[in-house]
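[1] Give me the fold of what follows.
(one chain, ligands or ions: 1)
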Amino acid sequence: MHILLAASELHPWSKTGGLADAVAALGQALARAGCRVTMVTPLYRGIRARAEKLGGLVDAGWPFSVPLGATLMDGRFWKLQPEPNLEIWFVENDGYYDRAGIYNEAHLEYPDNAERFLFLSKAALLLARHLPDPPELIHAHDWQAGLIPLLVRHGSLQEGWVRAPKTIFTIHNLAYQGTFPLATWAQTNVPPAWLHLDSASHYNQVSFLKAGLTLADALSTVSPTYAREICTPEYGCGLDGLLRRRSHDLVGILNGVDYGEWNTTRNPALGAHFDADHLAGKALVKAALQKELGLPVRADLPLFTNITRLTDQKGADLLLEALIAELPGGRFQFALLGSGDAELEAEYRQLALDFPHQVAARIGFDPALAHRLEAAADFYVMPSRFEPCGLNQMYSLRYGAVPIVRATGGLQDSVVDPREDLELANGIKFHEASSTALAAALRKALALYAVPEGLAHFRANGMTADHSWDQAAIQYLAMYEDVLHGP
Ligand code: ADP
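    Take a look at the predicted model:
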């Protein structure tokens, strides 16, 4: 089976969040399972230089132009082939992609994001249509690739594209919908009659996400609980009616973890190594991190960490309030790595100034520090208001950091609370999205820390849990088979 994966982020080449990790790991897992995999993604600034170490990008010898409305826009493909049956096709257009950010700069969205990702989608279509061995299926990810199902359908019904591929659209986060003014439609070069309530039209705007949701042959999202949640008004971001109508075509498949990268036994980001049976290295990593962050080196105090986009979604405000309540007199330390909302960034910086012996806040994006924060932590806090899948709680499990999570989306599906199953418990869950509910969960964690056998039990369960991608790939393959050949 030949699958084309289209996404705006691809780890390790570009990343703002879990999308990059998920698409890259899915591609590799599908290739391991015997599929031929082609991935298409933008050639952002810096990728070419970083690819040099792997032998460099190869010019695919395919300069192309695609229409965006009345303008013909030029691009080029550059290829990288990490494995025999896995190719990455980078789309070059320096005007669109050679920029400091992926979607924004200095907290401002790029004003031409619609055009930038429509260009990516049209480049993906060109590949799908003209590769000598074309894909049977295009798997498009998130709003940036949402127009692909629409463009494929238009190509097949109106432009004589015989044997056009089937399409699958995956929602990594329903809150980001890619909605733009109606005038954007002209750049699709699809007739105006195709823009209606059962395609991309949404409250008098063009919604890239809705185009994917309405026109893909099948839909998926990144956890079973989120698949159910998004069919409700509370989590549906205004699209729950549509998702309920398509619920028979929607599956939830929990993302996996790339244990090749996220491991504690041969990880270059960590100064010492450990596993479930040998925890001495974890204590060393904790001491080194406390020193690195300027916190007192105290083995006796539990260390809580959080690595996050600082947004409402992640409950960064709830955590701040809970910490302000619990820190005075509290016998614990907290370390944050995050960036995002400017006000929250300032508030976390202030928290570190107010509690210098208990709190460290690093504002920025630092993958190596993220590994150390997971490895050093006794507890990892993830109080998300909603969480399509979430990766950090699964990294935490493997790294021996007991996750404290709100029971939603992928957090609900990957963490076991003692009230659900005492024998298999590996984390602490709370339900209400409030700082008081979170503070109560933090106090439970402190109580657990005071009982070393209890902590060891949670830790051992977490560190031996298996959330590998091969499991997820089997479910995606079953979905692909259904779409291609019927259930
Ligand atoms: P989301 O995609 O909603 O941001 P996920 O938990 O699915 O959340 O994935 C987040 C990914 O991004 C994880 O790999 C996490 O470690 C990483 N990440 C988030 N913020 C930072 C940061 N400031 N520095 C380094 N890595 C980060």
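
[2] avg pLDDT for stretch 298-306?
    Taken as a whole, stretch 298-306 carries a mean pLDDT of 98.

[3] Quick check: buried residues in that stretch?
    By neighbour count on 16 or more other CB atoms under 10 Å, the buried set for stretch 298-306 is 301-306. Heads up, the C-betas are built off the backbone N, CA and C, glycines and all.

[4] Using JSON lines, please lay out those together with distance to the ligand and secondary structure.
    JSON lines is the format used below for those (distance: CB to the nearest ligand atom, whole Å; DSSP: H, G, I helix; E, B strand; the rest coil):
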{"residue": "301", "distance to the ligand": "24", "secondary structure": "coil"}
{"residue": "302", "distance to the ligand": "21", "secondary structure": "coil"}
{"residue": "303", "distance to the ligand": "17", "secondary structure": "strand"}
{"residue": "304", "distance to the ligand": "16", "secondary structure": "strand"}
{"residue": "305", "distance to the ligand": "11", "secondary structure": "strand"}
{"residue": "306", "distance to the ligand": "9", "secondary structure": "strand"}
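
[5] With distance to residue 19 as new columns, can those be given to me in a markdown table?
    Compiled in a markdown table, those are given as follows (distance: CB to CB, whole Å):
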| residue | distance to residue 19 |
| --- | --- |
| 301 | 35 |
| 302 | 32 |
| 303 | 29 |
| 304 | 26 |
| 305 | 22 |
| 306 | 20 |
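
[6] Among those, which one sits closest to residue 177?
    residue 306 (26.4 Å; CB to CB).

[7] unless I'm mixing things up, that closest one is touching residue 336, no?
    Yes - with contact defined as CB atoms under 8 Å, residue 306 reaches residue 336; the gap is 5.1 Å.

[8] OK, contacts around residue 81?
    Residue 81 makes contacts with 58, 87-88, as judged by CB atoms under 8 Å, 6 or more residues apart in numbering.

[9] Equivalent analysis for residue 263, please.
    residue 398.

[10] and it, what element?
    Remark: residue 263 resides in no helix or strand, with elements defined by DSSP states H and E.

[11] What strands line up against the longest strand anywhere in the chain, and which way round?
    Scanning the chain for the longest strand, with DSSP state E as the assignment, gives strand 71-83. Its sheet considered, strand 71-83 pairs with strand 58-59 (antiparallel), strand 64-68 (antiparallel), strand 86-92 (antiparallel) by DSSP bridges.

[12] Go through those and pick out the most buried.
    Across the strands paired with strand 71-83, the average number of neighbours (mean count of other CB atoms under 10 Å) peaks for strand 86-92, which reaches a mean of 23.

[13] Beyond it, next helix or strand please.
    helix 94-97.

[14] ok, of the contacts of residue 81, which one's closest to residue 347?
    residue 88 (39.1 Å).

[15] hang on, that closest one packs against residue 10?
    Yes - contact criterion CB under 8 Å: residue 88 and residue 10 qualify, at 6.9 Å.

[16] can you list residues touching both of those two?
    Common neighbours of residue 88 and residue 10 (CB under 8 Å, 6+ apart) are 39, 41.

[17] which one is residue 210 nearest to, not counting chain neighbours?
    Nearest non-adjacent residue to residue 210, counting by CB to CB, 6 or more residues apart in numbering: residue 202, 4.9 Å away.

[18] If you could redo that for residue 24, that was the one I meant.
    Nearest to residue 24 is residue 11, by CB to CB, 6+ apart, at 4.2 Å.

[19] need the contact list for the one you found.
    20-21, 23-25.

[20] near the ligand, which residues of the protein?
    Residues of the chain found near the ligand (CB under 6 Å from any ligand atom) are 17-18, 21, 307-309, 337-339, 365-367, 370, 389-392.

[21] Produce a PyMOL select command limited to the buried residues of these.
    Command for PyMOL that selects the buried part of the residues of the chain next to the ligand, burial taken from 16+ other CB under 10 Å:
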select buried, resi 18+21+307+308+309+337+338+339+370+389+390+391+392
